[in-house]
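**Q** With the sequence up front, the predicted model follows.
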Amino acid sequence: MRRQVAVALVVALLASACGAVADTASGIVAFELPDIEAVPIEPPEQTLVYDGAGNQLAVLRTEFRQRAELDEMPEHLLDAVVVAEDRRFWLHGGLDARGIVRAALTNVAAGEVEQGGSTITQQLVKNLYMPTAERTPQNKLREAILTRQVEEQRSKPEILEDYLNTVYFGNGAYGVQAAAQTYFRKDVGALGLGEAALLAAIIRSPESLNPERNTEAARVGRDVVLDAMLEQELIDERTAEQAKGRPIVVAARPPTPDTVEPRWVDYVVRYLLDEQSFGADEADRAQRLFGGGLRVHTTLQPALQAQAVATVQQFLPDAEDPEVAIASVVPQTGEVVALVGGRDYADSQFDLATQALRQPGSTFKTFVLATAVTSGWDPDDRISGNQGVFQTPEGIRWTVRNYARVSYGMITLREAVRASVNGAFARLILDLGVGRVVAMANAMGVRSALEERAPIALGSEEVTPLDMAAAYATLANLGEHVPTTPIDRIESADGRIVWQPDDRARRALDPSAAFVVTDMLRTAVEAGTGTAARIPGWEVAGKTGTVQDYKDAWFVGYTPVLATAVWVGYRDVPRPLRNIRGVRQVTGGSIPARIWQAFVSAALQGVEPVSFSLPDQFYEVVEIDPVTGLRAAPWCPGEVEAMPRILVPRETCPSPQPAPPPPPSPPGRQPQPADCPSDPENGSPAPAPTSRPEGCPEPTEPVPGPGGADPSPEPEPEPEPEAEAEAQ
């Protein structure tokens with residue numbers, strides 16, 4: 001049935017196109033068509049990019065167009081493009097029914113648009129005559145009619161030549177000559193087979209297959225085109241394998257002379273090319289961005305950006321020092337106001353703040369903590385912090401060591417956060433469920449893909465610094481996540497607002513839960529592993545993170561008005577952060593926390609300090625039994641307290657049971673309380689004597705927090721760790 005529906009749609013489209021061409025005079029089609037010979041190709045208007053203070057940062061333009069004749073282009077480039085974009089180009093008349101049916105069937109089966117059915121001629125028509133047209137049935141009909149006219153008036157080689165000189169290849173390059181210069185610093189005629197196949201692959205998705213930023217994806221795309229050429233017998237197997245074996249090598253691209261903050265501008269471009277609401281597809285978005293004459297007003301605050309760069313220079317100034325990434329977000333708006341993604345843009349355009357995926361270490365424990373609080377855990381609930389060997393739901397033995405091999409015994413949840421106790425968080429995630437923790441991280445703002453594995457509690461999965469800044473900003477905003485964005489607004493040349501980002505807040509966790517999590521993360525800064533991040537006069541919440549063998553170090557923290565993530569590590573090949581600027585082993589609480597403190601304290605200079613607060617409507621006034629911590633009752637009167645509603649107990653203290661009548665006492669002295677052995681105060685039962693005097697109560701075991709997360713018996717640690725995770 002799907003095939004029949006798809007075929008019917010295609011037949012109707014083609015019939016309509018033919019009918020429209022024949023009957024336009026009779027009024028069947030009530031729109032005008034451009035004269036493809038008379039209408040000139042309008043030069044695109046350049047787009048200007050500004051920072052948050054109105055200073056111009058960059059000019060985005062498509063003027064980098066260097067036309068090349070068809071006979072200048074190598075044959076393997078022509079073959080690669082035709083195979084990748086329109087295999088039946090030399091056979092059809094502009095509208096390829098087979099291609100449309102194939103794309104329709106693929107899209108119907110997938111439930112979404114995965115494949116396009118446009119021919120090279122249709123793409124040329126869109127590029128030349130309908131660059132900004134919306135995807136409507138009427139415009140698709142216009143496109144079909146113009147496609148037939150182009151095919152009737154031009155030869156196939158002429159169409160292919162025009163197409164290869166107008167198609168977009170990313171990075172502002174239109175046409176194969178501009179693309180060859182942009183990526184390889186050579187003329188189109190000098191392109192090798194692998195380079196030609198790579199350019200052919202880029203056409204379909206210029207951003208996601210950009211070899212400067214996504215080398216692996218670009219390699220896969222190139223190899224797909226080479227396989228298609230082999231299948232069509234355009235190259236032999238040996239030639240294909242040789243081309244596949246060559247690495248992707250892209251020439252370094254210096255920033256244009258009129259670009260300020262080029263790494264930030266690259267981030268803005270990537271963001272808009274990926275933003276679906278900005279255009280129908282990536283080609284549409286690129287055309288609009290690079291040729292639409294827009295005025296892009298971004299959220300970058302120049303004073304904060306200058307301070308972020310200066311702070312990095314202050315702590316790690318030399319080329320041999322580790323790199324630093326900083327991402328800073330306003331919690332209430334999602335605006336990215338400062339971004340440091342590397343030391344030297346000319347050396348590498350890769351953005352460590354928005355593109356680098358690194359293990360976050362213990363900064364990820366915050367998502368476990370948030371899940372625990374929303375599940376009923378109280379900061380004073382107790383859990384074992386001992387290290388040990390655990391069995392994950394996947395059946396894997398998971399060895400967990402605490403930092404410095406410390407054994408903690410039964411500790412409160414607040415203490416587990418303060419000291420960043422691995423054993424406690426391993427037990428928590430096994431009790432809560434990995435899927436719930438991953439869902440919490442995603443809801444709070446982590447956009448990187450996360451695999452559901454228990455070691456994620458200690459930061460085994462990879463995220464970006466911007467992910468972490470966005471997620472911690474959600475806590476500062478009392479559990480509401482506002483999507484992060486580098487864009488304030490986009491205007492047309494005449495000042496009309498034509499696009500703004502989605503700033504709708506999405507509830508990630510209850511406000512009182514977010515407030516309680518913040519309160520515990522404040523403890524980590526005030527008296528825990530993050531004391532170096534304290535700012536006089538300001539309340540600071542945050543978490544340190546140190547990856548195994550000290551290969552990555554993090555501090556992610558926030559005040560009520562600013563959330564910032566700082567990452568320190570080596571860019572290309574992660575290696576231990578040892579003996580750096582007098583620090584023997586760099587943990588999250590050392591250099592990253594100091595960088596965070598220096599930057600944020602400067603950023604808040606002159607700002608009136610604001611405290612973390614929870615609105616009155618999220619408090620409940622209840623009477624609490626001081627003995628049990630439960631709601632008071634007539635048989636156990638308590639004290640009136642106002643507490644965040646997430647912490648309010650739902651149960652009352654247990655009702656007293658009538659005491660059973662005492663059994664007859666045997667003759668002789670009965671044991672008195674002083675004769676009975678007592679339990680120690682730390683909650684762990686004392687070694688019981690061989691026998692207890694008759695009448696003495698039995699010792700009680702310590703009770704863990706909600707969910708019974710303390711496994712029994714206690715996992716026994718091995719002499720040597722198999723997958724140790726550091727705590728800080």
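**A** In hand now; what should we look at?
**Q** got the contact list for the residue most central in space within the chain?
**A** Using Cα atoms, centre = their mean, the residue of the chain that lies closest to the mean C-alpha position is residue 447, 2.8 Å off. Residue 447 is in contact with 464, 467, 470, counting by Cβ atoms under 8 Å, 6 or more residues apart in numbering. No exception for glycine: its C-beta is placed from N, CA and C like everyone else's.
**Q** Can you show me the CA trace of stretch 355-368 as CSV?
**A** Provided in CSV are the C-alpha atoms of stretch 355-368 (Å, rounded to 0.1, in the frame of the first residue of the first chain):
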residue,chain,number,x,y,z
GLN,A,355,32.4,20.1,20.4
ALA,A,356,34.9,18.3,22.6
LEU,A,357,33.3,15.2,24.3
ARG,A,358,35.2,14.4,27.5
GLN,A,359,34.4,12.4,30.6
PRO,A,360,33.0,14.8,33.3
GLY,A,361,34.1,12.7,36.3
SER,A,362,32.2,13.5,39.5
THR,A,363,30.5,16.5,38.1
PHE,A,364,28.0,14.0,36.7
LYS,A,365,27.1,13.0,40.3
THR,A,366,24.8,16.0,40.4
PHE,A,367,22.3,14.2,38.1
VAL,A,368,22.3,11.2,40.4
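**Q** list the buried ones in it?
**A** 355-356, 358-368 (16 or more other Cβ atoms under 10 Å).
**Q** and if you look at stretch 424-439?
**A** 424-434, 436-439.
**Q** from what I can see residue 521 touches residue 366, true?
**A** Yes: if you go by Cβ atoms under 8 Å, residue 521 and residue 366 touch, sitting 6.7 Å apart.
**Q** Quick check: neighbours shared by those two?
**A** 475, 543.
**Q** returning to that earlier point: out of the buried residues of stretch 355-368, which sit inside helices?
**A** Residues from the buried residues of stretch 355-368 lying in helices, with DSSP state H as the criterion: 365-368.
**Q** any idea which helix or strand carries residue 623?
**A** strand 619-624 (DSSP states H and E).
**Q** hmm, which helix or strand of the protein has the shakiest average pLDDT?
**A** Least confident element among the helices and strands of the chain, by mean pLDDT, DSSP states H and E: helix 2-23 (a mean of 43).
**Q** List phi and psi for residue 222.
**A** phi -60, psi -50 (degrees, to the nearest 10).
**Q** should've said residue 200
**A** Backbone torsions for residue 200, taken as degrees, to the nearest 10, come to phi -60, psi -40.
**Q** And the one 4 residues further on, by the same measure?
**A** Backbone torsions of residue 204, given as degrees, to the nearest 10, read phi -70, psi -30.
**Q** show me the contacts for it.
**A** By Cβ under 8 Å, 6+ apart, the neighbours of residue 204 are 84-85, 221.
**Q** Could you list which of the residues you listed belong to helices?
**A** Short answer: these in helices (DSSP H) are 84-85, 221.
**Q** In those, which residue is surrounded by the most others?
**A** residue 221 (24 neighbours; other Cβ atoms under 10 Å).
**Q** Need the contacts of residue 204 in a markdown table (columns: distance to residue 56 and pLDDT).
**A** As requested, the contacts of residue 204 are arranged in a markdown table below (distance: Cβ to Cβ, whole Å; pLDDT from 0 to 100):
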| residue | distance to residue 56 | pLDDT |
| --- | --- | --- |
| 84 | 37 | 94 |
| 85 | 36 | 92 |
| 221 | 34 | 95 |
